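Novice: Coordinates for the following, if possible.
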Amino acid sequence: MKTFILIPLLLLIISASEAQTNYVQISTDKGNITLMLYDETPKHRDNFLKAIKTGLFKGAGFNRVIKGFVSQAGELDETILDREKLHPEVPLQRVEAEIRPDLYHKKGALGQGRNDNPEKKSYLDQIYLVEGKKRTDAELDLITAKTGRKFSAVQRETYKTIGGSPELDGDYTIFGEITEGITVAEAINSVPTSSTDLPLSPLKLSLHILTKAEIKKLKK
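Specialist: Presented below is the predicted three-dimensional model:
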């Protein structure tokens with residue numbers, strides 16, 4: 001049974017990779033990570049590309065690393081919310097939620113952070129990479145019992161064999177995934193941190209939008 005599930009999963013990943021048109025490279029001292037942005041989440045895709053082009057992520061780094069869960073980069077919640085409190089007259093800037101059941105928190109997924117707002121809108125300049133861990137059917141059943149969210153056969157197999165953070169499904173927008181550099185992402189998620197999940201050594205990043213030529217080379 002497992003073989004029959006893995007084959008369509010592999011075909012789904014391959015077809016999804018062929019269909020997407022935007023890729024971004026994260027460069028760090030640990031190495032490089034290539035991200036594929038989903039065309040199915042155009043608002044988050046376009047916001048991320050715009051944020052890179054306008055320098056919103058300039059000088060950013062991984063500022064919250066929770067082992068076996070996620071690695072967060074960009075601006076911290078506290079900084080964003082404190083800055084917004086200083087100018088209550090300015091409308092809050094957020095990206096409208098694009099939460100889809102077929103885009104979920106598997107290991108290597110790219111998500112957008114947010115505060116606790118009822119519309120589940122995302123921050124403009126805070127992303128995270130899902131590390132997660134492998135889950136059992138019993139653990140997935142427990143999440144379903146608590147939230148009412150059901151997992152497809154493909155999702156279950158992914159969470160059991162690859163891992164992820166399924167407890168976040170339905171609450172945050174996933175808008176891309178790692179296509180190269182998963183071991184780099186693992187290394188980032190393993191760095192020593194403080195009691196507040198801040199890396200003990202600065203972990204800066206730079207972002208580069210791949211050109212059409214670079215994407216063509218990547219897909220070969």
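
Novice: Restrict the helix or strand encompassing residue 35 to CA atoms and write it as PDB.
Specialist: Applying DSSP states H and E as the criterion places residue 35 in strand 31-37. Provided in PDB are the C-alpha atoms of strand 31-37 (Å, rounded to 0.1, in the frame of the first residue of the first chain):
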ATOM      1  CA  GLY A  31      25.000  27.400   2.800                       C
ATOM      2  CA  ASN A  32      22.300  28.100   0.200                       C
ATOM      3  CA  ILE A  33      18.600  27.200   0.000                       C
ATOM      4  CA  THR A  34      16.500  27.400  -3.100                       C
ATOM      5  CA  LEU A  35      12.800  28.200  -2.600                       C
ATOM      6  CA  MET A  36      10.000  27.500  -5.200                       C
ATOM      7  CA  LEU A  37       7.100  30.000  -4.800                       C
END
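
Novice: what helices or strands is it leaning on?
Specialist: strand 22-28, helix 42-53, strand 174-180, helix 182-189 (3 or more CB pairs under 8 Å, 6 or more residues apart in numbering; DSSP states H and E). C-betas here are computed from N, CA, C, even on glycine.

Novice: What average pLDDT does it get?
Specialist: Average pLDDT, strand 31-37: 98.

Novice: what does stretch 59-74 give?
Specialist: For stretch 59-74, the mean per-residue pLDDT is 97.

Novice: what's the span of it from first residue to last?
Specialist: 9 Å (CA to CA, to the nearest Å).

Novice: Any regions of the protein where pLDDT drops low?
Specialist: For the chain, the stretches with pLDDT under 70 are 1-19.

Novice: Mind listing what's buried along the strand or helix carrying residue 142?
Specialist: Per DSSP H and E: residue 142 is located in helix 137-147. Residues 140, 143 are the ones in helix 137-147 that count as buried (16 or more other CB atoms under 10 Å).

Novice: Check stretch 167-181 too.
Specialist: Result for stretch 167-181 [16+ other CB under 10 Å]: buried residues 167-169, 172-179, 181.

Novice: Out of these, which comes closest to residue 216?
Specialist: Nearest to residue 216, judged by CB to CB, of those is residue 179 at 13.9 Å.

Novice: thought that closest one was touching residue 218?
Specialist: Yes - between residue 179 and residue 218 there is a contact under CB atoms under 8 Å: 7.5 Å.

Novice: any residues in contact with both of these two?
Specialist: 23, 34 (CB atoms under 8 Å, 6 or more residues apart in numbering).

Novice: picking up where we left off before, what's next to the helix holding residue 142, contact-wise?
Specialist: With CB under 8 Å, 6+ apart as the test, helix 137-147 has contacts from 149-151, 156, 159-160, 166-167, 170.

Novice: so how far is stretch 92-99 from its chain's centroid?
Specialist: 15 Å (CA atoms, centre = their mean, to the nearest Å).

Novice: end-to-end on it?
Specialist: End-to-end for stretch 92-99, by CA to CA: 20 Å.

Novice: Next, count neighbours for residue 213.
Specialist: Neighbouring residues of residue 213 were enumerated by other CB atoms under 10 Å; the total is 8.
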